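# no sequence for this one, just the structure:
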DNA sequence: AGGACTACGGAGAGCGCTCTCCGGCGTGCT
DNA sequence: AGCACGCCGGAGAGCGCTCTCCGTAGTCCT
């Protein structure tokens, strides 16, 4: 018993296929990659040989010569405090991942999942990509002051962002017309006849939050409502509940609330219920995202839909384009939000 | 301007480092990989050269000779109906991914995320792994009749399962002592003095569901309660709500409910509230998992905690062990659940 | 002091694949 | 009928790295 022989059972190589098919390596390679015309009879021989010995191309060998990893990194950057799990638990990332995978899979690619919630973690992401472990990065940042986009550009790694960068750097991105979304929410609340409208915002550092708020306030201002009270949350359910309590303490007559995401909207609804203000009868609540959280709890949320899966798929498409042609100009695609009216407002 | 020159700006190679440092490639390789003793003075020279020209090792070249991809696949198998997003939206997978990443990252590894919710998708997973894109698979199956574990073994891909396989196949896994968890829930409800106890189960095909139920019923039987009504759900919030309604219709006097996961428990609570039975005052509800859903909604759930992150980390550890030493026997690690008492029961 | 052993750097052979270059043959045009 | 061109298969040179093997130098034991 040769122990070496046991473990060294190697998978068949292209050369073996060539031997079996009675052709050269080059021809086998051409058949596999579909480049140039190969005589149909020869091609069939090659295919038979491949099937006969169960050949699968070796990715490392191919990568070595093509200088492509045929892999993308999906980087969740600027993640929070509660360890790796906390951020991934957010259904938002599930939607992004789902959209990315849905697009990539038909191309035989799969994303490498990376978290970059600390500075050393970000170093590692850059290092990983520089090594050629992936051909590019899909970046989902939770903080707008994230250094990663700039660092990736500097390292020459093709990248596409989900949401525009805070600083003007030459990088492609997809984004939502957040202001329009805020406007949609405002018009809806106005249409419902709300008189005392308040908002629950996200952290100031989050650009999307600012934009939604801006669009909301702007629309209200255009209807002669210059002042909108605002309490700051941090996108968690609990923070929404706390924010709502603060708002109620200051303005007991609130009859309309715009929360900048669904989770905070749910929290707000609970705070309202606790204080004896049924939703939507006394207070209308509008969320943002149309995440799964919007329909998981009653009343189902009226919310501004963000087509996250489509945006994620587009992001992947843009990155693939860019990898195929690195010279191409950076681009951006902005998606339009949509109001989804349900029970809460 | 030579266009070729533009795009062909290649990253420095080990050979260039060797030239700069005035040593051989082998020595540079030894310094980088820390094998054998290298004269400290030479090692320093090499390190300086690496820093000077910004060298990073090429992963493909290394993989080619070491026959290792230094990557693992995290496969979510048997996923459901609602497209890629639906399953990833489940916070459970976020916890698994978080646990895996938390363990893998310190080793410089990152999981490749794959979905295998259809037969062609499973084919692709096998193919992907056979190509050597990853050294092994971390498999999270939602259905016990999943063919993937067996196929991966057959393909010689080192694999570790989250939850034991339905059929006895030689594969390593981590799992929870689900029966003990069911027992914990039963004893808690008994302790609370519940008289009419019902259960909301998951799909029959899910082994974990059967086990939790078995443990629950067994504990009840030991206390002279041979019969426990059961309505079947499918682990979604809505199915829990529907199941609860069916249970109430058949047994209006229910005062204790054990739902086999938190989401269904939340749904049950809503159904109970809608029917004018406050939780926990009239009916005690116990969930399972201690997912983020358990505390996102009021009342916060009394539930059986499953240490998913720890289990996922252990799974990664086991897989790495197995890859390092393929001859090693398959093993299993069973985690103990823990009762977390909150407001709902 | 001589021999054997250890320590450590260098040379060189690939790992499995792609791709350029070359050559032979068949076809169409003059 | 001769020549040029296009089509397609084969040969061979690497891609960047690791690792075995070898040689030299230093060390310890008898």
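Okay, I see it. In this text, all values refer to a predicted model and were calculated from it rather than measured experimentally.

# what's stretch A:216-230 in contact with?
A:179, A:182-183, A:185-187, A:190, A:197-201, A:213, A:247, A:250-251, A:254, A:258 (Cβ atoms under 8 Å, 6 or more residues apart in numbering or on different chains). C-beta: built from backbone N, CA, C; applies to glycine.

# Please narrow those to those residing in strands.
Mapping the contacts of stretch A:216-230 onto strands (DSSP state E) picks out A:197-201, A:258.

# Just give me the closest of those to DNA strand D.
Closest approach to DNA strand D among these (Cβ to the nearest atom of the strand): residue A:201, at 48.0 Å.

# beta partners for that closest one?
For residue A:201, the beta-bridge partners are residue A:232 (DSSP bridges).

# from what I can see it touches residue A:235, true?
No: with contact defined as Cβ atoms under 8 Å, residue A:201 does not reach residue A:235; the gap is 9.6 Å.

# Identify the contacts common to these two.
residue A:260.

# coming back round to it: please convert the ones in strands among the contacts of stretch A:216-230 to JSON lines, extending it with pLDDT.
Formatted as JSON lines, these follow (pLDDT from 0 to 100):
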{"residue": "A:197", "pLDDT": "95"}
{"residue": "A:198", "pLDDT": "96"}
{"residue": "A:199", "pLDDT": "97"}
{"residue": "A:200", "pLDDT": "97"}
{"residue": "A:201", "pLDDT": "95"}
{"residue": "A:258", "pLDDT": "97"}
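
# Greatest separation within the residues you listed: which pair is it?
A:197 and A:201 (13.4 Å; Cβ to Cβ).

# which of the two has more neighbours?
The neighbour comparison of residue A:197 against residue A:201 (other Cβ atoms under 10 Å in any protein chain shown) goes to residue A:197, with 26 against 23.

# how about the nearest residue to the more buried one once chain neighbours are set aside, what does it touch?
Leaving aside its chain neighbours, residue A:197 sits nearest to residue A:256 (4.1 Å; criterion: Cβ to Cβ, 6 or more residues apart in numbering or on different chains). Neighbouring residues of residue A:256 by Cβ under 8 Å, 6+ apart: A:189, A:192, A:194-198, A:283-286, A:345.

# Which pLDDT does the model give residue A:256?
If you check residue A:256, the pLDDT there is 95.

# got it, and residue A:7?
The predicted local confidence for residue A:7 is 43.

# how about the nearest residue to the residue most central in space within chain A, chain neighbours excluded?
Centroid-nearest residue in chain A: residue A:96, 3.5 Å away (criterion: Cα atoms, centre = their mean). Nearest residue to residue A:96 in three dimensions, chain neighbours excluded: residue A:312, at 4.5 Å (Cβ to Cβ, 6+ apart).

# Checking my notes, the residue nearest to the centre of chain A in a helix, right?
Yes: under DSSP: H, G, I helix; E, B strand; the rest coil, residue A:96 falls within a helix.

# my read: it touches residue A:140, true?
Yes: the pair residue A:96 and residue A:140 qualifies as a contact (Cβ under 8 Å) at a distance of 5.7 Å.

# Which neighbours do these two have in common?
The contact sets of residue A:96 and residue A:140 overlap at A:74, A:162 (Cβ under 8 Å, 6+ apart).

# ok so, going back, these two touch, right, the residue nearest to residue A:96 and residue A:94?
No: in this structure residue A:312 lies outside contact range of residue A:94 using Cβ under 8 Å: 10.5 Å.

# As a check, name the ranges of all helices in the stretch 1-150 of chain A.
A:3-7, A:14-21, A:25-33, A:40-53, A:59-66, A:83-88, A:91-104, A:119-130, A:148-154 (DSSP state H, counting those that start in this stretch).

# Point out the most buried one among these.
Among the helices of the stretch 1-150 of chain A, the stretch with the highest mean neighbour count (mean count of other Cβ atoms under 10 Å in any protein chain shown) is helix A:91-104, at a mean of 25.

# so who does the closest residue to residue A:31 other than its chain neighbours touch?
Of all residues not flanking residue A:31 in the chain, residue A:46 sits nearest, at 4.3 Å (Cβ to Cβ, 6+ apart). Contacts for residue A:46 (Cβ under 8 Å, 6+ apart) come out as A:17, A:21, A:23, A:27-28, A:31-32, A:38.

# now with 10 Å?
A:14, A:17-18, A:20-23, A:27-32, A:38, A:55 (Cβ atoms under 10 Å, 6 or more residues apart in numbering or on different chains).

# Check the residues you listed against residue A:114 and report the nearest one.
residue A:32 (30.3 Å).

# so what's the closest one up against?
Residues in contact with residue A:32 (Cβ under 10 Å, 6+ apart) are A:14, A:17, A:46-47, A:50, A:55, A:57, A:62.

# Dump the residues you listed to a markdown table, plus distance to DNA strand D and pLDDT.
As requested, the contacts of residue A:32 are arranged in a markdown table below (distance: Cβ to the nearest atom of the strand, whole Å; pLDDT from 0 to 100):
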| residue | distance to DNA strand D | pLDDT |
| --- | --- | --- |
| A:14 | 10 | 89 |
| A:17 | 11 | 88 |
| A:46 | 9 | 87 |
| A:47 | 13 | 89 |
| A:50 | 15 | 90 |
| A:55 | 16 | 90 |
| A:57 | 13 | 91 |
| A:62 | 9 | 91 |
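
# Which two of those have the greatest separation?
Within the contacts of residue A:32, A:47 and A:62 form the most distant pair, 18.6 Å apart (Cβ to Cβ).
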